[in-house]
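**Q** pasted the sequence and its predicted model underneath.
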Amino acid sequence: MTQNNKRIAKNTMFLYFRMLVIMAVSFYTVRVVLDTLGVTDFGLYNLVASFVMIMAVLNNTLTGGTQRFLTFEIGKNDIVKLKQTFSTALIIHISLAFLILILGETIGLWFLYEKMNIPVDRFDAAFWVYQFAIASIMVTIIQVPYDALIMAHERMHIFAYISIVEAILKLLVVYLLLVISFDKLITYGILMFLVSLSIAMFYRIYVLKNYDESHFSLSFDKDIVK
């Protein structure tokens, strides 16, 4: 019981530290990005990106649900079923990511052009920001099983450490935004996508190196899928 309490306290501390790091960096970067992009482009980025991010509202639920089943198999100490569960979860999330791609490139694109109030001279920039936002959310959704596995193993300090890396990358984005002369809005969209991709790769590399069950195997079990 004492060990459990210590682990809970330590994990809580790491999660609070992660939150504080993200908040501190956000307070600084948002101001600089607003000054660099200008009011119109900053609002346009948030409008376009937020429209896509609405599709990701289920992400926390998906992570929690996936974690629940992974934790259950870890508790049973059934490595075979644990591998099947992880692989099945990965297949489901890859399928969901491609579903979002299809919806985003059809209904979402129609909404972007027909319903959103975008200045005519910024349509091209908005289009590319939208494409990179879709790519970012696909990466995030496919990443869910890996994040859930870290949570199932209660390695909360990994979230804290990688959040420091994420903070450094976002500060680098702000610096590059100031020195690159190419269209600032498109540049920001590309760089934020690269940050999302890099963070996902950090998590994935850690999981693949530390947990055997994370190695994908193509298996289909209707009960696990349900």
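**A** Nice, thanks for sending it over. Residues are numbered from 1 along each chain as shown.

**Q** find the helix or strand that the residue nearest to the spatial centre of the chain is a member of.
**A** What sits nearest the mean C-alpha location of the chain, by C-alpha atoms, centre = their mean, is residue 140, with 3.2 Å. Per DSSP states H and E, residue 140 falls inside helix 123-152.

**Q** helices or strands up against that helix?
**A** Packed against helix 123-152 by the contact rule (3 or more C-beta pairs under 8 Å, 6 or more residues apart in numbering; DSSP states H and E) you find helix 2-53, helix 59-76, helix 79-103, helix 109-114, helix 184-210. Just so you know, the C-beta spots here come from the backbone N, C-alpha and C atoms, and that holds for glycine as well.

**Q** between these, which gets the lowest average pLDDT?
**A** Of all the helices and strands packed on helix 123-152, helix 2-53 carries the lowest average pLDDT, namely a mean of 77.

**Q** what angle separates it from helix 59-76?
**A** Inter-element angle recorded for helix 2-53 and helix 59-76: 150 degrees (by axes from the mean of the first three to the mean of the last three C-alpha atoms, to 10 degrees).

**Q** show me what helix 2-53 is packed up against.
**A** helix 109-114, helix 123-152, helix 156-179, helix 184-210.

**Q** tell me which of the ones you listed sits most buried.
**A** helix 123-152 (a mean of 21; mean count of other C-beta atoms under 10 Å).

**Q** and that helix, how far from the chain's centre?
**A** Averaging C-alpha positions (C-alpha atoms, centre = their mean, to the nearest Å) puts helix 123-152 5 Å from its chain's average.

**Q** do stretch 188-197 as well
**A** Relative to the centre of its chain, stretch 188-197 is centred 11 Å away, using C-alpha atoms, centre = their mean.

**Q** can I get it in PDB, CA atoms only?
**A** Output in PDB follows, covering the C-alpha atoms of stretch 188-197 (Å, rounded to 0.1, in the frame of the first residue of the first chain):
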ATOM      1  CA  TYR A 188       3.400  27.800 -39.000                       C
ATOM      2  CA  GLY A 189       1.000  25.100 -40.100                       C
ATOM      3  CA  ILE A 190       3.900  23.000 -41.400                       C
ATOM      4  CA  LEU A 191       6.000  23.500 -38.300                       C
ATOM      5  CA  MET A 192       3.200  22.600 -35.900                       C
ATOM      6  CA  PHE A 193       2.600  19.400 -37.900                       C
ATOM      7  CA  LEU A 194       6.200  18.500 -37.600                       C
ATOM      8  CA  VAL A 195       6.100  19.100 -33.900                       C
ATOM      9  CA  SER A 196       3.100  16.700 -33.600                       C
ATOM     10  CA  LEU A 197       4.900  14.100 -35.700                       C
END
